[in-house]
Structures are given as C-alpha cells and as structure tokens.
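**Student:** no letters, just coordinates:
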C-alpha cells in the first residue's frame, strides 16, 4: 500500500508540474496578446496624429497594422487551445490528488483495523494486559 501511495504521490507531482507549465504558457500567450494590442493602438494613434506623419507613411503603417492583426488572430486561437489544455491538466492533477487522498485514507483505515485487531487479540489472550 505504501508503495502505491508513493507512486501516486509522484504522479501527482508530475501532474502539478504539467499544470503549472500549461498555466505559464497561457500567461505568456495572454501577455503576447496584450503586447500586440498595445502595438496596434500605438500605430492607430500615430496614424490619427496628422502632424507627425503628414500622410507619408500611411501605407507602411497600414501594412504593419494588418500584420499585427493577423498575429493577434493567431495568438487568440492559440489562447483558446491553451485554455483547454490548461483546464485538462488541472483536472488531471485534481484527479491524482483525490486518488492520493483516497489511498491515504484507505491506508489509515487498514492500520486502524490492524491496531484494533491487535488490541482485541491482546485482550483475548489474557486478563493481565494493562493499557496506559
């Protein structure tokens, strides 16, 4: 039983590590999405500022804005997929944790049964047994 508990404990540690890794990837994607949005807003703001560009670099800014929009679209798709992966990893970790708790509880109950059987056996052998 103790060997099973150790195995499940190792599995739980691996599942928690995978969950943290998935959460990290999701946060990186969210940061990238925010950076792309900020870059888009800066380009739009510079395009709206008539004094700085005077219409000279509108084509370049429009192309860059389109590229950023495409990248943002790809990042959003990746975020949706990563959210699903993160949720799946969290659920796997939770199942492993529950399995470990159940095994520990089962082990505790078995130990209590053995202790009780030992006490009953001691009482049945003789009346000279003294308990603290």
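**Tutor:** Cool, the structure landed. None of these values were measured; they are calculated from a predicted model. Residues are numbered from 1 along each chain as shown.
**Student:** pLDDT score assigned to residue 127?
**Tutor:** What the model reports as pLDDT for residue 127 is 58.
**Student:** quick one: contacts for residue 91?
**Tutor:** By C-beta atoms under 8 Å, 6 or more residues apart in numbering, the contact list for residue 91 is empty. Glycine gets a C-beta too; all of them are placed from N, C-alpha and C.
**Student:** I should have written residue 103 there, sorry.
**Tutor:** 1, 4, 5, 8.
**Student:** what's the separation between the first one and residue 10?
**Tutor:** What it means is residue 1. Counting by C-beta to C-beta, to the nearest Å, the gap from residue 1 to residue 10 is 15 Å.
**Student:** same question for the helix or strand hosting residue 26, mean pLDDT?
**Tutor:** In the assignment (DSSP states H and E), residue 26 maps to helix 2-48. Averaging pLDDT along helix 2-48 gives 93.
**Student:** nearest residue to the middle of the protein?
**Tutor:** residue 19 (3.0 Å; C-alpha atoms, centre = their mean).
**Student:** tell me how far it lies from residue 13.
**Tutor:** 11 Å.
**Student:** residue 113 too?
**Tutor:** Counting by C-beta to C-beta - residue 113 and residue 13 are separated by 29 Å.
**Student:** one more: residue 110?
**Tutor:** Residue 110 is 24 Å from residue 13, by C-beta to C-beta.
**Student:** swap in residue 49?
**Tutor:** Relative to residue 13, and taking C-beta to C-beta, residue 49 is found at 54 Å.
**Student:** for this structure, what's the longest helix?
**Tutor:** helix 58-125 (DSSP state H).
**Student:** mind listing what's buried along stretch 7-24?
**Tutor:** In terms of neighbour count (16 or more other C-beta atoms under 10 Å), stretch 7-24 has its buried residues at 8, 11, 12, 15, 16, 18, 19, 22.
**Student:** so what's the last one up against?
**Tutor:** Just to be clear, that refers to residue 22. Taking C-beta under 8 Å, 6+ apart, one finds 82, 85, 86, 89, 90 in contact with residue 22.
**Student:** next one, pLDDT for the last one please.
**Tutor:** pLDDT recorded at residue 90 is 96.
**Student:** from memory it sits against residue 18, does it?
**Tutor:** No - counting by C-beta atoms under 8 Å, residue 18 is not a contact partner of residue 90; they are 9.5 Å apart.
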